[in-house]
Structures are given as C-alpha cells and as structure tokens.
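S.K.: Model the structure of this input:
(one chain, ligands or ions: 1)
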Amino acid sequence: MNRKDKVFEDNDPVVRAFEFNETVAHVFDDMAQRSIPQYKEVQSMVNTLALTFFQEGSRIYDLGCSTGTSIALLLQGLKEHGLEDYFIRGIDNSAPMCREAREKLSALDYDSSRVQIEEKDILDEPIENASVVIMNYTLQFIDPLHREKLIRKIYKGLNHNGVLLVSDKTLQTNTDISRIFVDNYYNMKRRNGYSELEIARKREALENVLIPYPIAEEEQLFRTCGFEAVDLFFTWYNFSSFVCLKKG
Ligand SMILES: C[S@@+](CC[C@H](N)C(=O)[O-])C[C@H]1O[C@@H](n2cnc3c(N)ncnc32)[C@H](O)[C@@H]1O
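M.R.: Take a look at the predicted model:
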C-alpha cells in the first residue's frame, strides 16, 4: 500500500479548499513528517510533558487527534512509567482520521476500555477531569471566532496543575522576518521531496482554512483564558509549541 503524500501532485486547475478527507487521512503520517518541522521531536516533547503533568485517575484529551500518533506514544509512555489509571479521549471530526487512529491503536497492546477515539467536533465536546489536553496543529484550523471559547472551556475542564500543550503554525510580528521564515519553511518542504507545484497548490488550498496567529497573540489568548503560566517549549521559524499551565 503506497502511503506517500501525493495529494497536490495533480494539475487540476481548480484547487479546492483543504479537507481532512479520505485521501488526506490515508497519507497523513507521511504528510505530517514531510510538512511539519521536527514533527517527531515535537511529538516526543509533547509526550514527555504530558507524562510530567499527568495525574493518576484523570483524563488526557487529544483534540484533533488525526491518525492517533500522539495517543500511540502516550500509551507506550504510560506503560513504561507503570501508570494504569488513565482515560484517553482522542477527538476528531474527520471520520477517515478516526478510522486511521483506531487502526493504528489496534496494533498496540493496551487496555482498550481506557481509550476512546470519537468522531466529534471539539467545539461541542465537554472537557472534564483533565490533567493533560493536547492540541497538536489543530487550533490553527479552528475559526478564530471560536478559539477563545474553546480555550476557556479547556481551562475550566483542567484540574489544578493541569496542562494544555499546543503546537501551531505561527506568524512573526515583523513582516520581513515572517517572509524569510516562510521561505525557509518552503525550502524544508523542497528538501523533503515536495515539488514547486505541490507547495503552491497546498498553499492555495490552505488559504482561509489554516489561520495562523502571531506568537504574541496566541500566547495572549492562553493568558486571557486564564492560564497563569504560558511558555514556548519549541520554536522553528514559523512553527511554535506552547505549554500552558493551570495554577488556579
Ligand atoms: C493537522 S491535523 C492534527 C495533527 C495531529 N494532532 C498530530 O499530531 O498528528 C488537524 C486535525 O484536526 C481535526 N479538526 C479540525 N477541526 C476540528 C474540529 N472542529 N473538531 C474536531 N477535529 C477537528 C482535523 O480533522 C485534523 O485531523
């Protein structure tokens, strides 16, 4: 089975808005590794931080879990640490992504009653008794009008000393620097085998679908929604990862 991302290889003059459909879900792991800088490293850092803040008996949420990569790593980490009293909810509103996630997890040895992959909208789902909420490259796809409400809901649903871990594409405050960073990002995609056509077509497809915030604005959003401690744990040109701690 060829799992190489060729989604934007065709010459169709019409570029449709990007969707997490069957075609994308099928090749998503390859797409993520070739299009997200240091994808594996960020996953590993998220996993380490999640295990640091996890509280026994609480829930871990992965909002926009896609193919379940973060959850698979978490299951391995929880097992290595001898942690058994957990409940993981992976939520994604793409049915093909949920199918891929279930398939990935089915190859692992774990207590399946402790993990749920649900095809739901993260804007509608309650967050309860959480010590860890992961949002890897998902907030950037949420309509900016709904972001504050979502982050407030997450803050409310986290326990004291719980953590929200967010990774996103971001903007710089200076437009010249932003342009250079974006150029460097496209160079990374070229190095990873994407053609000029594929890069241009995906860029067009993501227009108005993926809406990045400047780093300072995203950080402010977390603070406004109540997070008492907010810091970057990773940054690479136009990509940033935030750790947001609930102290209240
Ligand atoms: C870039 S992918 C996330 C990647 C994944 N977290 C990882 O680390 O590999 C974004 C995911 O968010 C999901 N998504 C976007 N908006 C959503 C919403 N409102 N509710 C649930 N899932 C959503 C998409 O279906 C997609 O699978």
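
S.K.: Please count neighbours and contacts with C-alpha atoms only from this point.
M.R.: Fine.

S.K.: Any idea how far the lowest-mean-pLDDT helix or strand in the chain is from the middle of the chain?
M.R.: Least confident element among the helices and strands of the chain, by mean pLDDT, DSSP states H and E: helix 196-206 (a mean of 90). Taking CA atoms, centre = their mean, to the nearest Å, the mean C-alpha location of helix 196-206 is offset from the chain mean by 21 Å.

S.K.: Partner strands of whatever helix or strand comes next after it, with direction?
M.R.: Next in sequence after helix 196-206, counting helices and strands by DSSP states H and E, comes strand 213-214. According to DSSP bridges, the neighbouring strands of strand 213-214, each with its direction, are strand 158-171 (parallel).

S.K.: mean confidence for the strand it pairs with?
M.R.: Taken as a whole, strand 158-171 has a mean pLDDT of 97.

S.K.: Contacts for it next, please.
M.R.: Contact partners of strand 158-171, identified using CA atoms under 8 Å, 6 or more residues apart in numbering, comprise 46, 50, 53-54, 127-140, 154, 178, 212-215, 238-248.

S.K.: The least confident helix or strand of the chain: which residues count as buried?
M.R.: When burial is assessed from 16 or more other CA atoms under 10 Å, helix 196-206 yields the following buried residues: Glu198, Ile199, Arg201, Lys202, Arg203, Ala205, Leu206.

S.K.: Equivalent analysis for stretch 180-196, please.
M.R.: In stretch 180-196, residues buried by neighbour count (16+ other CA under 10 Å) are Phe181, Val182, Tyr185, Tyr186, Met188, Lys189, Arg190, Tyr194.

S.K.: Near the ligand, which residues of this structure? Just list them.
M.R.: Taking CA under 6 Å from any ligand atom as the criterion, the chain approaches the ligand at residues 20, 64-66, 69-70, 91-94, 97, 120-123, 136-138, 141-142.

S.K.: and with 8 Å instead?
M.R.: The chain comes close to the ligand at residues 19-21, 25, 28-29, 32, 39, 43, 62-70, 91-94, 97, 119-123, 134-139, 141-142, as judged by CA under 8 Å from any ligand atom.
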